[in-house]
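Peer 1: Show me how the following folds:
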Amino acid sequence: MRTRPVRVPVYGAVMTLSDTRLAPGAYLDHIRTESARFREVLADCDPAARVPACPDWDAGDLLWHLSGVQWFWAATMSMRPGGPADPEQAPARADSYAGLLEQCATASAGLVDVLTGLDADEPAWSWADHVPGGQSVGFTLRRQAHEALIHRLDAEQTAGADRVTPLDPALAADGVAELLEVMYGGEAPPWGRIEPGAHHVRVDLRDTGHSLWVQPCTFLGTDPESGKTHDGPHVLVVGDPGHEPSAVVSADAAELDAAWWKRRSDDVLHVSGDRSAYLELWTAISPPLD
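Peer 2: This is a model prediction of the structure:
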């Protein structure tokens with residue numbers, strides 16, 4: 001999973017935040033337990049096994065990826081409120097699978113250690129300047145809990161279908177919200193604009209009782225620094241617009257979280273209403289995130 005997702009950079013967003021948020025201590029517990037399960041599953045996995053969601057990776061690459069991400073955020077949080085950490089300072093990749101497992105354990109422990117006892121509201125660098133509270137310890141707690149969750153699922157799928165265990169419903173519900181609010185959503189930078197779409201889609205998480213409203217949009221703009229044009233589909237998380245949705249997507253939280261992270265088929269989702277409205281949303285969130 002990329003340290004910074006590939007998407008339009010956004011600033012100063014005014015967003016409707018979900019009520020799916022967990023307590024800071026719960027996120028920390030999930031970082032610890034999901035990371036431990038990740039290593040447990042990969043410990044006896046064939047090192048050459050391919051990662052279904054990231055077919056260019058094998059089990060060793062998956063270990064190295066999460067190690068690098070967790071090292072980066074542990075180092076960055078130790079520099080708060082500044083950052084980011086310099087990736088050139090990261091440890092070199094171990095030359096054995098056992099070494100990769102050890103590196104991953106060390107990186108996970110380091111991340112948990114640096115986050116333990118911190119105030120979630122304490123200022124801390126992140127790339128998420130488009131999210132209210134994005135420059136805080138709380139953002140990293142939330143983001144790294146979901147990072148560990150999705151890669152735990154990757155590890156289980158790499159080891160075999162019989163190793164897959166359920167996702168925690170509360171964390172998965174927040175994962176759906178975070179994907180929409182953070183990974184694919186946000187307001188426009190000064191050099192761009194968003195054209196609101198005609199549709200609102202309501203996302204119902206059946207088992208947790210949460211409902212999220214999203215509006216598929218179009219982003220238009222060219223980054224003056226890079227010269228790159230970013231015209232394309234976009235999504236905003238919004239409040240209840242006061243009218244019926246064009247479409248409703250419903251599923252249990254774990255099903256939807258895994259499907260929208262492209263870790264399982266979306267045939268488990270129930271879509272009612274205007275199918276084209278859902279397809280506009282799907283187009284906005286379809287680019288893969290490793």
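Peer 1: CA only for contacts and neighbour counts going forward, please
Peer 2: Fine.
Peer 1: List the contacts of L212.
Peer 2: By C-alpha atoms under 8 Å, 6 or more residues apart in numbering, the contact set of L212 is S18, A177, R202, V203, D204, V237, V238.
Peer 1: Ramachandran angles for it?
Peer 2: With angles defined as degrees, to the nearest 10, L212 sits at phi -120, psi 140.
Peer 1: V214 too?
Peer 2: Dihedral angles phi and psi of V214 (degrees, to the nearest 10) take the values phi -130, psi 150.
Peer 1: circling back: in strands only, show me the contacts of L212.
Peer 2: Among those, the members falling in strands (DSSP state E) are R202, V203, D204, V237, V238.
Peer 1: Quick check: the last one touching Q215?
Peer 2: Spelled out, it's V238. Yes. Assessed by C-alpha atoms under 8 Å, V238 is found in contact with Q215 at 6.8 Å.
Peer 1: neighbour-wise, which of the two wins?
Peer 2: More neighbours surround Q215 than the other of V238 and Q215, with 26 against 19 (other C-alpha atoms under 10 Å).
Peer 1: close enough to count as contact, the more buried one and D240?
Peer 2: No. Counting by C-alpha under 8 Å, Q215 does not reach D240; the two are 10.5 Å apart.
Peer 1: Give the helix, strand or coil label for V271.
Peer 2: strand (DSSP: H, G, I helix; E, B strand; the rest coil).
Peer 1: need the contact list for it.
Peer 2: A247, V248, V249, S250, Y278.
Peer 1: my read: the first one touches E280, true?
Peer 2: No. Under the criterion of C-alpha under 8 Å, A247 lies out of contact with E280, with a separation of 10.6 Å.
Peer 1: on that earlier part again, between the contacts of L212, which is nearest A105?
Peer 2: The shortest approach to A105 among these belongs to A177, at 28.4 Å (C-alpha to C-alpha).
Peer 1: For the closest one, the count of nearby residues, please.
Peer 2: A177 has 25 neighbours, counted by other C-alpha under 10 Å.
Peer 1: Mind pulling the model confidence for the closest residue to G273 other than its chain neighbours?
Peer 2: In this structure, G273 finds its nearest non-sequential neighbour in A247, 4.3 Å apart by C-alpha to C-alpha, 6 or more residues apart in numbering. Here, the pLDDT recorded for A247 equals 98.
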